[in-house]
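Colleague: Give the three-dimensional model of this entry:
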Amino acid sequence: MKKIKVILIGPISHIGGISVHIQRLAELLKNDFEFQIIESSEISISNNKYFKLRNLKHFFKVLNLISESDIVHIHCGNWVLRIYSILLASFLNKKIIVTIHSFRTTEPIKKITSYFLKKVNLIIAVSSQIKMDLNIDSKRK
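Modeller: Below is the predicted model of the structure:
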């Protein structure tokens, strides 16, 4: 049976938090899914093991990884990288899951983010406050 290919996009090089979540998720589900990771940390601290979302030299490889995937699961804390990842995945007509780990930002950025989240198939809010801030509807595509 063919495994579903999932791209995880997030800050792998940071210690704790999101990077631990991504690594645990991949480990927990590795028997049912094939995972590949795209690193979204700052280039100066990012792990050389993964292709980097922030490095333009990796643009075509990132695009290729996303195009070969079935699902793109975005964990980027940086709102610009989150929107960029959503746009790439939606351009390639992929199923998109976004996990929002933190949503402490300005109102204009919240509105911009909310607009782009409409292109997403599933939003996972890690707190009830984030869910309330985003006014997440349980019915998604």
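Colleague: hmm, which helix or strand of the chain has the shakiest average pLDDT?
Modeller: helix 17-28 (a mean of 80; mean pLDDT, DSSP states H and E).
Colleague: I would like the residues contacting that one, please.
Modeller: 8, 10, 11, 12, 13, 35, 37, 73, 75, 77, 99, 101 (C-beta atoms under 8 Å, 6 or more residues apart in numbering). Placement of C-beta: from N, CA and C, glycine included.
Colleague: Swap in 7 Å and give it another go.
Modeller: 8, 10, 11, 12, 13, 35, 37, 75, 77, 101 (C-beta atoms under 7 Å, 6 or more residues apart in numbering).
Colleague: Report the buried residues of that helix.
Modeller: Going by neighbour count (16 or more other C-beta atoms under 10 Å), the buried part of helix 17-28 is 18, 19, 21, 22, 25, 26.
Colleague: Please identify which two of the contacts of helix 17-28 are farthest apart in space.
Modeller: Farthest-apart pair in these is 35 and 77; separation 19.4 Å (C-beta to C-beta).
Colleague: in the helix or strand hosting residue 34, what counts as buried?
Modeller: Element membership for residue 34 (DSSP states H and E) is strand 33-39. Along strand 33-39, these residues count as buried under the neighbour rule (16+ other C-beta under 10 Å): 33, 35, 36, 37, 38, 39.
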